[in-house]
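1. Just need the structure, nothing else, for what follows:
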Amino acid sequence: MNILKAILMGVLQGLTEFLPVSSSGHLGLIKGLFGLDTQSILFDVLLHVATLISICAVFYKDVLRLVIEFGGMCKDIFSNAVALGKSLTDGKTPQYARVISSAYRRFVLLLIVSTIPTGIIGVFMKDIVEFTSANLLITGICLLCTGLILAGSDFLADGDKKLKEMNMGDAFAIGTAQGVATLPGLSRSGITIVAGILCGLDRKFAAKYSFLMSIPAVLGALILELGDIGKESITASDVGCYIVGMLIAAVIGYIALRLLMNLVMSRYFKYFAIYCALIGIISIITYFVKR
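-> Residues are numbered from 1 along each chain as shown. Take a look at the predicted model:
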């Protein structure tokens, strides 16, 4: 890989991963138009890392609290298991720690509930996603669907649910939307934010929840890809290009995420809808021209 390609891929990843325009749809179109070869698995992993860096930088306070509370939950669950085991031997009534004892512990639980349908759907749709990712017709149709969903979202009533009011059903529904959004051309951020709004979430909280919910999903994808890194041949110059691309993706992603958090309250998704529709039409035309 040359440095120019790494920079371009970094910019593409940073912009399209967070703005509701589908990173997979853009990658599929670029491959179709320019015959771009499938990129290195290591580079793909580093772009995932860049995504995580951007999210953690924007929501660092929330991420830190969630990590601390998750650790506390694990500790309390272990302590409760020990107490249960001890009670079975001495016959005394155990004293259990309350696991969900704060708002952020409940936040952790909501994110876990969202991750369950995402993971299940992701596993069952893996082959479908791999097949459709090379089909610009399907990608184009999905981009048009993304455009319709984004356009409609500007007409939805504002919700008022935040962390305290959000329930497990909301979390499951948004996680299901994230799983479905693995199809190329469907914007993960756009679909999940709109799903949150449909569940009655406050628009800004819906966006925050969407991106925090993506952390375990991105980590899961990263872990699955790590095992394949050793199968490819990589030079020292490649690694340097990959790191440059990763850093650019992280910086551009940070800017794009900040921008989206400001735009989500302004009902500007219709402009992204128009863009997705145009890219979708180009994808469909390219499919028939290249046949």
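2. Please point out which parts of stretch 267-280 sit buried.
-> Applying a neighbour-count criterion of 16 or more other C-beta atoms under 10 Å, one finds F269, F272, A273, Y275, C276, A277, I279, G280 buried in stretch 267-280. C-beta here means a position set from N, CA and C on the backbone, and glycine is covered the same way.
3. of these, the lowest pLDDT goes to which?
-> Lowest pLDDT within the buried residues of stretch 267-280 is found at F269 (92).
4. From C199, how far out is that residue?
-> When C-beta to C-beta, to the nearest Å is applied, the distance between F269 and C199 equals 17 Å.
5. So the spatially most central residue of the chain: helix, strand or coil?
-> Using C-alpha atoms, centre = their mean, the residue of the chain that lies closest to the mean C-alpha position is S214, 3.6 Å off. Per DSSP: H, G, I helix; E, B strand; the rest coil, the local secondary structure of S214 is helix.
6. quick one: it from A207, how far?
-> Counting by C-beta to C-beta, the gap from S214 to A207 is 11 Å.
7. Please flag which of the buried residues of stretch 267-280 sit within helices.
-> By the criterion of DSSP state H, membership of the buried residues of stretch 267-280 in helices covers F269, F272, A273, Y275, C276, A277, I279, G280.
8. tell me the contacts of the last one?
-> Think G280. With contact set as C-beta atoms under 8 Å, 6 or more residues apart in numbering, G280 has these partners: G25, T139, G140, I141, C142, L143, L144, T146, G147, G185.
9. And the second one, by the same measure?
-> The contact partners of F272, by C-beta under 8 Å, 6+ apart, come to L19, P20, V21, G147, L150, G190.
10. what's the answer for the fifth one, then?
-> Contact analysis of C276 by C-beta under 8 Å, 6+ apart lists P20, V21, S22, G25, L143, L144, T146, G147, L150, S187.
11. try it again with 6 Å
-> With contact set as C-beta atoms under 6 Å, 6 or more residues apart in numbering, C276 has these partners: V21, L143, T146, G147.
12. Narrow these to those in helices?
-> When DSSP H defines the helices, the subset of those inside them is L143, T146, G147.
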